[in-house]
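Novice: would you be able to build a 3D model of this:
(one chain, ligands or ions: 3)
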Amino acid sequence: MIQSVTKATEPDLFGLEQQDMEGFRSIFEHAAAGMATALVDGSLLQVNPALCHYLGYTRSELVNLSAFDITHPEDLERTRTMFQQAREGKCTAHQYQKRYRHKDGSVLWGLTTVAWVRDGAGHPVYCVALIQDVTAHRAADEALQAREEIYRTLVENVDLGIALVDENHKILMVNSARARMFGRPAESFPAKHCFSEFQQGGRICEDCPGSRALQTGRAETRTSEVRLENGQRLVTRIQSFPVFNAEGRADRFIEVCENITPQVEAAQRLEEKQKHLEFLANYDQVTALPNRFLLFDRLTQMAAKCQRTGSKALLLAVGLNRFKRINETLGHEVGDQVLSEVGRRLKGCVRSSDTVARTGGTEYSVVIEDIDDLRSAVSISKKIIHACGQPFTAGGQDLFMSASIGISQFPDDGDSPGVLLKTAEVALAKAKTEPGGAYRFYTTDLDARARDLLQMESCLSRAVEHEELLLYYQPQIDLRSGRLIGVEALLRWQRPGQGLVSPADFIPLAESTGLILPMGEWALRAACQQAVAWQRQGFAPILMAANISPRQFHQPGLAEQVKRILQETGMNPGHLEIEITESTIMSDVDTAVRTMREINRLGVGLAIDDFGTGYSSLGALKLFPIRKLKVDQTFVRNLTTDSNDAAIAASVIALAKTMNLEVIAEGIETEEQLAFLRKKKCQQGQGYLFSRPIPAEQCAALLAQPEKRFFGPSRRSKR
Ligand code: C2E
Ligand code: MG
Ligand code: MG
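Specialist: Ligands and ions are numbered 1, 2, ... in the order given. Take a look at the predicted model:
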């Protein structure tokens, strides 16, 4: 109920009818917002309960106050002006936010709507005010504004490039740090592509951290490097964070770029400096080759590797002859050019994995690993001597030098880097006593062997054309009947002045030089010719087994060569058997299967020689079109003394049986071995017990006795 107050006559509210007046009073009393009427001097006429509650006064207290009493001092001026304007008839209604003073002194914000009621002459008599409590809104707004201000200050002042980007990779906002980072005004960014696209030349890259952040809903990071429009390098660490909309979908992302160019460049400079220091410590300045210090390190590694694998290595000490003269007459600059060129030439003579070092003024060292053969040592040395013997063009003229080489072998000539270097230097001193370029091994014995080897190589190269090769034949015996069933053709070299040389002494050399190709072809042809000749002489045909070396087997067109030889000699392919060692075919199973099939198609049989030494898998073995396995003689040799070898021999025999292959044991020398093999049902055998390899004429004598038994009662009875 609106109370009548005495300080003025209660005005006729808006000239309302009694009924309307009742309605207004009811609203006034029950409104949730504060309501009051006040006179032009500000004194409060009527106040409702909501206003009393809002300001903390009782109604009777409040009606004794004026609008100015409840106004916060800072808004007093404005409130007074408002009343003044109303009095002057300048305003009839207004709405504004102002501060009120609660009875307890606290500040309240109220959205105040004021309407003035005038008398008949148009003078304002009193006003009706509606006051809505917006203190909480105001506080929230202020907090929001304060927070926004904090964020704005942060975004604008932080030294990180920040952009807000939409899901189409369009930039919605950038901060000034980002503009600075890119050297462009901030206004040029909106609607441009985001950083990752900038890197991709304007293409959206699905893998950019922004795209990933949108997909995963998590922060994503990446480091990247770009060239700016002004050519400057910019390395950044970009972090992208997804921004979720009201539905919880990530539809924008914030891209934060940290310029890490200075750190990256500092780290690179440091790394370069370290590399340079490392280079100075380990490399020779003139040739950029490893120095003595690094060589020592490499030799230590080499020694450890050799000890682990049981392999050997070589150290070549290379010394230049007549260099001093170049240095003295043409100066150090020319001298340095020549030394560098020597380094390049040395590297050209070895594999890239080998080490070439400069160990002294005119001395170099070359480390060659995984080398077990004198020939390679000799051929590398010769290559180096030849390379250093070529003219050097420096200072506008051709200069001539020569190189001497001392060779030591690890571990034979020294099992530590220090000793190895010493022995190579001793060998070098020996080589330097020879005029021109020469190489010498530390071990005199090796020197002699190297000389022999070279001599043998040159003699062997003429062996085919000088008709120094011949074949011996070793009988192959049926272990059930004791009868001759075939022969294996074995090569011999009638070396002038040296007698008959065994294949063990020349086949490895022939293999490594490639001489085996003409020699092997000769042997195959000669074996076929001999088989045909025996048949023509009226002997019953027997099997002729011929050996093919790894290099022969891998030469292209082997099957055609075999075919040609068969045609030329008139040999029946069914009587020819080609032996290939197990290790040869296992080195490249696919090619081996192809070549073997081609040979097999000619009707020629295939046997795997030295079986048991080459790690065949049963799976691979099934692929080969073979007829026979030859049990390697190392197993046969120890059959009766070594249970392991006996077991291997027995299992090869059993394996052959399961695979439906023939099996022959080679190297049978004793009756005990024979008895064992027969007991194990080995079908065939070959060895000194029956016959050594013999010349063709002796073999013909055996062929002339087809009933001859090579063992058993008949053999004994013949004695
Ligand atoms: P291989 O094919 O395994 O030949 C068997 C070798 O064992 C032959 O040695 C033979 O004389 C020897 N031998 C046979 N029975 C016995 C025995 O009871 N005790 C001992 N200790 N040895 C026995 P050879 O003739 O010195 O041949 C050695 C290797 O040279 C052959 O091994 C073969 O791999 C290769 N070879 C021989 N002739 C040729 C050829 O014409 N061409 C090719 N490519 N290689 C050949
Ligand atoms: Mg053989
Ligand atoms: Mg063999």
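Novice: name the element Asp413 belongs to?
Specialist: Per DSSP states H and E, Asp413 falls between elements, in no helix or strand.
Novice: could you do the one 10 residues further on as well?
Specialist: Per DSSP H and E: Thr423 is located in helix 417-432.
Novice: only the buried residues of that helix, if you could.
Specialist: Neighbour-count burial for helix 417-432 flags 417, 420-428, 430-432 (criterion: 16 or more other Cβ atoms under 10 Å). No exception for glycine: its C-beta is placed from N, CA and C like everyone else's.
Novice: pull it out as CSV, backbone CA atoms only.
Specialist: Below are the C-alpha coordinates for helix 417-432, written out as CSV (Å, rounded to 0.1, in the frame of the first residue of the first chain):
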residue,chain,number,x,y,z
PRO,A,417,97.9,-49.7,-33.9
GLY,A,418,101.3,-48.6,-32.7
VAL,A,419,103.1,-51.7,-33.6
LEU,A,420,101.3,-51.9,-37.0
LEU,A,421,102.3,-48.4,-37.9
LYS,A,422,105.9,-49.1,-36.9
THR,A,423,106.1,-52.3,-39.0
ALA,A,424,104.5,-50.5,-42.0
GLU,A,425,107.1,-47.8,-41.7
VAL,A,426,109.9,-50.4,-41.5
ALA,A,427,108.6,-51.9,-44.7
LEU,A,428,108.4,-48.5,-46.3
ALA,A,429,112.0,-47.8,-45.5
LYS,A,430,112.8,-51.1,-47.2
ALA,A,431,110.7,-50.1,-50.2
LYS,A,432,112.4,-46.7,-50.4
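Novice: after it, next one along is what?
Specialist: Using DSSP H and E, the helix or strand that directly follows helix 417-432 along the chain is strand 439-441.
Novice: and Val235, how many residues sit next to it?
Specialist: When counting by other Cβ atoms under 10 Å, one arrives at 17 neighbours for Val235.
Novice: show me what the helix holding Thr423 is packed up against.
Specialist: Secondary-structure packing of helix 417-432 (3 or more Cβ pairs under 8 Å, 6 or more residues apart in numbering; DSSP states H and E): helix 292-309, strand 313-321, strand 363-368, strand 402-410, strand 439-441.
Novice: phi, psi of the most centrally placed residue in the chain?
Specialist: Nearest to the mean C-alpha position of the chain, counting by Cα atoms, centre = their mean, stands Ser353 at 18.7 Å. The phi and psi values for Ser353, taken as degrees, to the nearest 10, are phi -80, psi -10.
Novice: list the contacts for it?
Specialist: Each residue near Ser353 by Cβ atoms under 8 Å, 6 or more residues apart in numbering is listed here: Glu369.
Novice: which residue is the nearest non-sequential neighbour of the residue in the stretch 251-400 of the chain that ligand 2 sits nearest to?
Specialist: Ligand 2 sits closest to Asp373 of the stretch 251-400 of the chain, with a gap of 22.6 Å, by Cβ to the ion. Using Cβ to Cβ, 6 or more residues apart in numbering and skipping residues adjacent in sequence, the residue nearest Asp373 is Ser512, 7.0 Å away.
Novice: A helix includes that neighbour, no?
Specialist: Yes - counting by DSSP: H, G, I helix; E, B strand; the rest coil, Ser512 is part of a helix.
Novice: that one: how many residues sit nearby?
Specialist: 15.
Novice: surely it and Arg375 touch.
Specialist: Yes - the pair Ser512 / Arg375 is scored as a contact, 6.1 Å apart, by Cβ atoms under 8 Å.
Novice: any shared contact partners between those two?
Specialist: The contact sets of Ser512 and Arg375 do not overlap (Cβ under 8 Å, 6+ apart).
Novice: what parts of the protein come near ligand 3?
Specialist: Residues of the chain that fall close to ligand 3, judged by Cβ under 5 Å from the ion: Asp609, Asp610.
Novice: contacting residues for Leu655?
Specialist: Each residue near Leu655 by Cβ under 8 Å, 6+ apart is listed here: Leu618, Leu629, Leu661.
Novice: measure the closest residue to the first one other than its chain neighbours to Ile608 for me?
Specialist: Right, Leu618. Leaving aside its sequence neighbours, Leu618 sits nearest to Leu655 (Cβ to Cβ, 6+ apart; 7.7 Å). Here the criterion is Cβ to Cβ, to the nearest Å. By it, Leu655 lies 11 Å from Ile608.
Novice: what's the local residue count around the nearest residue to Glu229 once chain neighbours are set aside?
Specialist: Leaving aside its sequence neighbours, Glu229 sits nearest to Gly183 (Cβ to Cβ, 6+ apart; 7.1 Å). The tally of other residues near Gly183 (other Cβ under 10 Å) stands at 11.
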